[in-house]
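J.: Let's see this in three dimensions:
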Amino acid sequence: MSNMSRIQIAPSILAADFTRLGEQISQLDALGIETYHFDVMDGHFVPNISMGIPVLEALRSITKARLDVHLMVSEPERYIQAFANAGADIISIHWEATPNVHRALQMIREAGCKVGLAVNPHTPAFVLRDVITMLDLINVMTVNPGFGGQTFIPSVASKIARLRAMVGDVRQDIDIEADGGVGTETAQSVIQAGANVLVIGTAIFRHPEGLAAGLRAIQQVLASEIV
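T.: Residues are numbered from 1 along each chain as shown. Predicted structure coming up:
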């Protein structure tokens, strides 16, 4: 990756301090963050329950940044319009969560949002082949979905590289997002593989010296990728 300006850092709201959410978002907005990642978990598709529409509406009311909503839910078709109405700019569903992937992707576009598709670590890259031209973003899970703070799975980097090659054959403007366990020690490998959106939670929100220090540490890694 030769142009750092193409690499986006998308802080994961799941790792935020919810007693200080407004304050933390204001601070990150001031530091130049343009996209936030918003994980929705239903306790069925993944073994955890997280945030929903009221939190997204609150977030929408305090930031003009893009809101990248990641639906880790069964039957995502049931929720697409509601999350679009609540302020999502991008909605990603999981390949594994519905037998009607094509229809669900159409529903996201019809709801006025950019279209994302997420794949779990075990799901091969080739399954995206027949829908790739419909996508604005591919979310490559680099941990098993369901919980924040997990350890990055190194073998997924090769799948990112395969997807970057697939994207290059059809549309240059599709973003590839690395989601899970991304921090200062792992960001370089996913960037080199071809990811240009980094979902980062713990490394920013839980940095011992605060948000600005966590973000600065990641930006230093990105700067080292400029050639």
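J.: biggest helix in this structure, by residue count?
T.: helix 156-170 (DSSP state H).
J.: what's next to that one, contact-wise?
T.: For helix 156-170, contacts defined as CB atoms under 8 Å, 6 or more residues apart in numbering pick out 119, 121, 124-125, 128-129, 132-133, 138, 140-142, 174, 176, 178, 189-190, 192-195. All C-beta spots, glycine's among them, are computed from the backbone N, C-alpha and C.
J.: Off-centre distance for the helix or strand that it is followed by?
T.: Scanning forward in sequence from helix 156-170 by DSSP states H and E, the next helix or strand is strand 175-179. Offset of strand 175-179 from its chain centre (CA atoms, centre = their mean, to the nearest Å): 6 Å.
J.: what does stretch 125-135 give?
T.: On CA atoms, centre = their mean, the centre of stretch 125-135 falls 17 Å from that of its chain.
J.: what sits up against it?
T.: Residues contacting stretch 125-135 (CB under 8 Å, 6+ apart): 95, 101-102, 105-106, 109, 115-117, 119, 138, 159, 162-163, 166-167, 170-171, 174.
J.: now do 10 Å
T.: For stretch 125-135, the external contacting residues (CB atoms under 10 Å, 6 or more residues apart in numbering) are 92, 95-96, 101-102, 104-106, 108-109, 114-117, 119, 138, 140, 158-167, 169-171, 174-176.
J.: May I have the distance across it, first residue to last?
T.: Stretch 125-135 has its terminal residues 14 Å apart, counting by CA to CA, to the nearest Å.
J.: again with stretch 205-218
T.: Stretch 205-218 has an end-to-end distance of 12 Å (criterion: CA to CA).
J.: Next: stretch 202-211.
T.: 10 Å.
J.: same question, stretch 169-182
T.: 27 Å.
J.: before we move on, what about stretch 193-213?
T.: By CA to CA, the extent of stretch 193-213 from end to end equals 26 Å.
J.: quick revisit: buried ones among the contacts of helix 156-170?
T.: Neighbour-count burial (16 or more other CB atoms under 10 Å) applied to these gives 119, 125, 128, 132, 138, 140-142, 174, 176, 178, 189-190, 193-195.
J.: hang on, the earlier thing: tell me which entries of the contacts of helix 156-170 lie within strands.
T.: 119, 138, 140, 141, 176, 178 (DSSP state E).
J.: nearest to residue 42, of the residues you listed?
T.: Among these, residue 141 lies closest to residue 42 (CB to CB), at 16.0 Å.
J.: coming back round to it: ok and the longest helix of the chain relative to strand 137-141, angle-wise?
T.: 160 degrees (axes from the mean of the first three to the mean of the last three CA atoms, to 10 degrees).
J.: Good, wrapping up.
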